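> quick one, structure for this:
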Amino acid sequence: MRGVTHDDAPPLADLMPWSVAPPRLGRGWPAGPDAAALKARWDALMKAEGPDREALFEPSRSRTLHTAVGRLPGRTGAGTERLARASGPCPEPVRILVAPFDEQWLIPDQRLIDAARPELWRVADKEQVFVVEAPGTPDSPLLFTSMLPLLRPGRVRPLFRRPGGREPNLAPGLVEWLGRRLGVVPSPLDVLAWIAAAVRPDLTVPLTGDPDTWARGLEHGHRLLWLMRRDGERPKLPGGRRPYVRAPLPSRPVALRYDREEEALFVDEGRVSPVPPQAWDFEAGGVRVLEQWFAARVAEPEAGTLAAIRPTAWPQAWTSELLELVTVLALLADLRPPKDEPAVPDPVTAAELTEAGVLPPPAAARRPASVLDGPEEGPEGQLALL
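Predicted coordinates:
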């Protein structure tokens, strides 16, 4: 659906005007692939005192043990007193996306995060879809996730500006204009599915007024969204080619390799198959996804740091995640479009949208909505004023 690059396709930045820089942790230990390890890291921090607590925390210019910040929107388990005298249990970790297709966990406490981007937390719910720009990934310039994304350096564009799937982050009037051209008004998720199917490496999005082309694009795009968001029914490879653990994975693996002839993934002496070559070869940002995912779980952290607190053995949950990731990558590889795909018929151009008053979007559409569904707690338990 991508077409050639010399036509007047509108940029994604105009179609989805509001964007936010991704959160920046500033320290690695509050995130990781195992939720229980994060709770153990928190407990170790709480047990430490004085200089020992400060060293474990790893202070930065933005966050120290004495930094006063409020509670993250929508989070109830974190305290707001300064960390130098904090105590109590760990806030319940939440699922996040830390790298392409790598779902991990995060302690949702703003005192631990250099730049948490509260505007993203305010709109993060089960209806939300975050669009993440992935620079340097020509075949997949966008990622889509239902989880808060921490990938850098690309911008994050939420599909909705308010919780509950309200006020789509689309250029005002775009949905109605497309409805007049197509004969049916698309939903915000339909527009996002088209963007998923049609977006180009330069982040322009050719639009069409042809109903048949639009319908084919939606089918393709909705499947992309389903695979990347990984919600609902679990994906399966066609023909019953489901990857299985053929030889048990070791308790502390150190190496990952692939045998193309056997279509087998070896985790030390452990063996997973069948693993289609397209799953092993799948790259994002020039990095093989499976290798990056594995390295994040076996890399040796610096001794004496909170990051060194991690599972003593490879958890069964990681094996399940690996099997699903293999399936997702293989299916996504089959959906990648040919590089010479022709231009869409009956294009809806940027000039046409400009003449209709849809583009450029108003300045207010590029700013976050005023979202305050309930009181938010500021530093030391004070009511936050927005």
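> any low-confidence regions in the stretch 201-350 of the chain?
Scanning the stretch 201-350 of the chain for pLDDT under 70 picks out 338-341.
> how about the helices in it?
Taking DSSP state H, counting those that start in this stretch as the test, the helices found in the stretch 201-350 of the chain are 211-229, 277-281, 289-298, 316-335, 350-355.
> now do residue 93 against residue 186, distance only.
As for residue 93, its distance to residue 186 is 36 Å (criterion: C-beta to C-beta, to the nearest Å). Every C-beta, even on glycine, is put in place using the N, C-alpha and C of the backbone.
> in terms of neighbours, single out the busier of those two.
More crowded of residue 93 and residue 186, by other C-beta atoms under 10 Å: residue 93, with 23 against 19.
> re earlier: need the helices of the stretch 201-350 of the chain in a markdown table (columns: mean neighbour count and distance to residue 159).
Supplementary listing: these in a markdown table, determined by neighbours: other C-beta atoms under 10 Å; distance: least, C-beta to C-beta, whole Å:
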| stretch | mean neighbour count | distance to residue 159 |
| --- | --- | --- |
| helix 211-229 | 18 | 10 |
| helix 277-281 | 18 | 28 |
| helix 289-298 | 18 | 24 |
| helix 316-335 | 18 | 20 |
| helix 350-355 | 16 | 19 |
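> and those: which comes nearest residue 168?
Nearest of these to residue 168, taken as C-beta to C-beta: helix 211-229 at 14.7 Å.
> sorry, back to before: right, and the helices of the stretch 201-350 of the chain - which one's nearest residue 131?
Comparing the helices of the stretch 201-350 of the chain by C-beta to C-beta, helix 211-229 comes nearest, at 10.0 Å.
> which helices and strands does the closest one pack with?
Helices and strands touching helix 211-229, by 3 or more C-beta pairs under 8 Å, 6 or more residues apart in numbering; DSSP states H and E, are strand 142-145, helix 188-198, helix 316-335.
> those helices in the stretch 51-200 of the chain, which residues are they?
Taking DSSP H, counting those that start in this stretch as the criterion, the stretch 51-200 of the chain carries its helices at 118-122, 174-182, 188-198.
> which outside residues touch the first one?
Applying C-beta atoms under 8 Å, 6 or more residues apart in numbering, the contact partners of helix 118-122 are 20, 23, 70, 72-75, 108, 110, 130, 148, 156, 158, 163, 368, 371-372.
> do the second one as well
Outside of helix 174-182, the residues that reach it under the criterion C-beta under 8 Å, 6+ apart are 15, 168, 185-186, 188, 191, 207, 209, 211, 214, 346, 348, 353, 356, 358.
> which one of the residues you listed sits closest to residue 230?
Nearest to residue 230 among the contacts of helix 174-182, counting by C-beta to C-beta, is residue 188 at 20.1 Å.
> and for residue 306, the neighbour number?
Using other C-beta under 10 Å, residue 306 has 25 other residues around it.
> could you check how far it is from residue 229?
As for residue 306, its distance to residue 229 is 31 Å (criterion: C-beta to C-beta).
> cool, and residue 50?
Distance of residue 50 to residue 229, given as C-beta to C-beta: 44 Å.
> next: residue 46.
As judged by C-beta to C-beta, residue 46 and residue 229 stand 35 Å apart.
> what of residue 321?
Noted for residue 321: a distance of 15 Å to residue 229, by C-beta to C-beta.
> dump the residue contacts of residue 78.
The contact partners of residue 78, by C-beta under 8 Å, 6+ apart, come to 71, 72, 91, 108, 109, 110, 111.
> ok, now with 6 Å
71, 91, 109 (C-beta atoms under 6 Å, 6 or more residues apart in numbering).
> wait, isn't the first one in contact with residue 80?
This means residue 71. Yes - contact criterion C-beta atoms under 6 Å: residue 71 and residue 80 qualify, at 5.3 Å.
> of those two, who's got more company?
Counted by other C-beta under 10 Å, residue 71 and residue 80 do not tie: residue 71 has more neighbours, with 24 against 19.
> the closest residue to residue 82 other than its chain neighbours: neighbouring residues, count only.
In this structure, residue 82 finds its nearest non-sequential neighbour in residue 66, 5.3 Å apart by C-beta to C-beta, 6 or more residues apart in numbering. Neighbour count for residue 66, taken as other C-beta under 10 Å: 11.
> pretty sure residue 66 sits against residue 81.
No - using C-beta under 6 Å, residue 66 is not in contact with residue 81; the gap is 10.7 Å.
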